[in-house]
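# Below is the structure, and that's it, no one-letter string:
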């Protein structure tokens, strides 16, 4: 573990909404932090493909979600269309995504034991139908679609929201003495790096620990240059908060 002298400042590098949630959770534990907006979420430029998929949702055996934000975008569009969604089974990556679906009144019939997108592709039951509607971000990993197709699924991959890098440069003074940077997605790692001058990012990646929600995000952090990366055993926001608490308590 890093010494207390090095863990002087905790940086939460997520979306504005993600920062607010995570910083609140840390504050409840008495951990101050600085939020750096890395990504923003936008509606699709054109809703035609989303609306077409929702209006024809009865043709699918499964509807798959990889994030609570995708669920929220889906729910909002269903209400706007006045559509009664019935017929397909629902599957979700992670407890938060499943809870978001249940909050809309849907029964979730499959959540992979490992909260990883790859596990969804590997474990989705094929005996209950092979026609899949995947609703997620425009930058979703292609491997999920490839994995499902290798197993014989027919997949329609539709972006229900877009992920964009937050504009401008980060004030590097905000990051002075950064000892821990928290990420919940690979896109946050890339956007954080892109919003800094190369020399500033290199310095931070050498001095700070990257606390990442899962192995894919951790891989992005290592590839970006972080020398020290930690990942919770369970890939959830709750577990990431606990990992940060333990890291600071044992520093």
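Yes, it's here. Please read these numbers as outputs of a predicted model, since none were measured by experiment.
# so what's the backbone phi/psi at residue 119?
phi -70, psi -30 (degrees, to the nearest 10).
# Read off the pLDDT value for the closest residue to residue 92 other than its chain neighbours.
The spatial neighbour of residue 92 that comes closest, neighbours along the chain excluded (Cβ to Cβ, 6 or more residues apart in numbering), is residue 98 at 4.2 Å. Heads up, the C-betas are built off the backbone N, CA and C, glycines and all. pLDDT, the model's per-residue confidence, is 96 for residue 98.
# Could you verify my assumption that residue 98 touches residue 111?
Yes. Between residue 98 and residue 111 there is a contact under Cβ atoms under 8 Å: 5.0 Å.
# Not counting its neighbours along the chain, what's nearest residue 41?
For residue 41, ignoring the flanking residues on the chain, the nearest one in space by Cβ to Cβ, 6+ apart is residue 161 at 5.3 Å.
# before we move on, the earlier item: ok, residue 98 and residue 111, which is more surrounded?
When neighbours are counted by other Cβ atoms under 10 Å, residue 98 comes out ahead of the other of residue 98 and residue 111, with 23 against 19.
# quick one: which helix or strand includes that one?
Following DSSP states H and E, one finds residue 98 within helix 95-103.
# what comes up buried for the helix or strand following that helix?
Using DSSP H and E, the helix or strand that follows helix 95-103 towards the C-terminus is strand 108-110. The neighbour-count check on strand 108-110 (16 or more other Cβ atoms under 10 Å) flags 108, 110 as buried.
# which helices and strands does strand 108-110 pack with?
strand 89-92, helix 95-103 (3 or more Cβ pairs under 8 Å, 6 or more residues apart in numbering; DSSP states H and E).
# most packed of these?
strand 89-92 (a mean of 23; mean count of other Cβ atoms under 10 Å).
# and for that strand, what are the contacting residues?
Contacts of strand 89-92 from elsewhere in the structure, counted by Cβ atoms under 8 Å, 6 or more residues apart in numbering, are 61-66, 71, 98, 100-101, 106-111, 120, 124, 128-129.
# So what does the spatially most central residue of the chain have for phi and psi?
What sits nearest the mean C-alpha location of the chain, by Cα atoms, centre = their mean, is residue 185, with 4.8 Å. According to degrees, to the nearest 10, the main-chain angles of residue 185 amount to phi -160, psi 150.
# Alright, calling it a day.
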